[in-house]
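Enquirer: missing the sequence, but the structure's below:
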């Protein structure tokens, strides 16, 4: 299969980039797993669980299994993983998503194969949250945690022999910029419905292919079995032809649960010494952009029509959580210009260019990942549409990890990107919704909410995550979506329809709407001989 870039780490607790996540899917296991097709919680390393009457304390019965290096998996590994996750010295990227009302879960070993997990307060999703955390081997990482160096453990320079996990595969080779090789884990614990030991495959080779067009040529030519991403709009016809000829299989997965995202840097002080400070972080600018971009043109150009307009943070395809009252933003360039005039951006010279009170052009940049034609086209459409109302937009393209670095450091004006949520349940994505969250994209990790509306969302999401009644949870999250759309911290334009191409020799694929639409169930993939 293919990926765009190298992993940043082999320690999922310390890095959330896409390739690190793939490595974790292949080599690690979790206490429970969300089935990406049914969205139901399934047993994993925990074979069963019970919950106390107050819905706070869960008792999990663990499987009697072994890690890939033949070391026994026990409750001590679960306790260790959560201790490392919550250790402030480690600054884990998963820590925010694994708290309830800002407090960690309490994890304790009852015996070698039983743990209790106590939530600090009632939590609606329950054990669903545990799908976020791969369980790491204490015997491999305890020394680093004790020495205070866990955050630097399992870097990409770590010898593969020093790694271990309870997942279906074992990383056996890594050549930076070229490939990762994963061999079958002989101690993997899952079996098929007919009782066969999984995984079916002996080996998975992951090739670094930064350019999406090169990837498409390789899948069509039979040099690749599974793509990193779904079929691009411009490649659909060629892949469909290859499918008709029997060279590949094209799988219709359905509409994306989440649209690509366009947001501005809203961190207070980010533009303190910038003459644009009076307007670049204003709600009115983002509202105007939402009105100025014709979503039909956007869908037709970026996705060649294989997309649906989206007006808020939840796609209509997410039937469980979508707010049916989501307003439809009209395409109205005239109204967009009038709105921009209220924040001092006016065409003072009748030359079609909006300028501020000092006569300087209203200009900003869009940061976008190179090698992702869909994202690059989207940035170009946005720039063209905004030019029509007098805004000047520069497009800056960088490699994927460099884009992430700019986002994390707050060194950008605006960005068009394709972030992903870990689950459709909003309470499991509090690192996005809460102002204190590290994934609160437009202004992450706030000590206190920077705006009254973010505080409102904080309060609603804390209530929503504590309620067990589905109807009340839905009502509260509808309120969150309403406030979000009133301020547009992220502007959404269209959610793509997802098609996945795999080679004709690949079988028993279980495609799903997911960050990894095929590899989420890698242990069940087989090839024809």
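Expert: Great, that's in hand. No experiment lies behind these values; they were computed from the predicted model shown.
Enquirer: which residues touch stretch 134-141?
Expert: 11-13, 24, 28-31, 45, 67, 69, 71, 73, 76-78, 80-81, 84, 150, 153-154, 162-167 (Cβ atoms under 8 Å, 6 or more residues apart in numbering). For glycine as for every other residue, the C-beta is placed from the backbone atoms N, C-alpha and C.
Enquirer: which of those residues are buried, as a ChimeraX select command?
Expert: Filtering these down to the buried ones (16 or more other Cβ atoms under 10 Å) takes a single ChimeraX command:
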select :11,12,13,24,28,29,30,31,45,67,69,71,73,76,77,78,80,81,84,150,153,154,163,164,165,166,167
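Enquirer: what is the burial count for the nearest residue to residue 342 once chain neighbours are set aside?
Expert: Of all residues not flanking residue 342 in the chain, residue 284 sits nearest, at 6.0 Å (Cβ to Cβ, 6 or more residues apart in numbering). By other Cβ atoms under 10 Å, the residues close to residue 284 number 17.
Enquirer: same deal with the one 4 residues further on?
Expert: As a burial measure, the neighbour count of residue 288 was computed by other Cβ under 10 Å and equals 28.
Enquirer: these two touch, right, it and residue 340?
Expert: Yes - counting by Cβ atoms under 8 Å, residue 340 is a contact partner of residue 288 at 5.0 Å.
Enquirer: which neighbours do these two share?
Expert: Counting by Cβ under 8 Å, 6+ apart, the residues touching both residue 288 and residue 340 are residue 389.
Enquirer: just the strands from the stretch 1-150 of the chain, written as ranges.
Expert: For the stretch 1-150 of the chain, applying DSSP state E, counting those that start in this stretch gives strands covering 2-3, 32-34, 41-43, 46-51, 57-62, 99-100, 103-104, 106-111, 114-118.
Enquirer: mean confidence for the fourth one?
Expert: If you average the pLDDT over strand 46-51, you get 97.
Enquirer: can you list the strands that that strand pairs with?
Expert: Paired neighbours of strand 46-51 in the sheet (DSSP bridges): strand 57-62 (antiparallel).
Enquirer: and the angle from the partner strand to strand 106-111?
Expert: 50 degrees (axes from the mean of the first three to the mean of the last three Cα atoms, to 10 degrees).
Enquirer: now strand 57-62: how far from the chain's centre is it?
Expert: Chain-centre distance of strand 57-62: 28 Å, with Cα atoms, centre = their mean, to the nearest Å.
Enquirer: show me what it is in contact with.
Expert: With Cβ under 8 Å, 6+ apart, strand 57-62 has contacts from 31, 45-52, 73-75, 78, 110, 112-119, 126-127.
Enquirer: how close does the residue nearest to residue 162 when sequence neighbours are not counted get to residue 296?
Expert: Nearest non-adjacent residue to residue 162, counting by Cβ to Cβ, 6+ apart: residue 140, 6.9 Å away. For residue 140, the distance to residue 296 equals 53 Å [Cβ to Cβ, to the nearest Å].
Enquirer: these two: which is more packed in?
Expert: Legend: neighbour count by other Cβ under 10 Å for residue 140 and residue 296, higher for residue 140 (20 against 12).
Enquirer: after the longest strand seen in the chain, which helix or strand is next?
Expert: In the chain, assigned by DSSP state E, the strand with the most residues is strand 494-503. The C-terminal neighbour of strand 494-503 among helices and strands, as given by DSSP states H and E, is strand 506-507.
Enquirer: what residues does the helix or strand just after that following strand touch?
Expert: From strand 506-507 onward toward the C-terminus, using DSSP H and E, the following helix or strand is strand 526-527. Strand 526-527 is contacted from outside by 200, 201, 225, 505, 506, 507, 508, using Cβ under 8 Å, 6+ apart.
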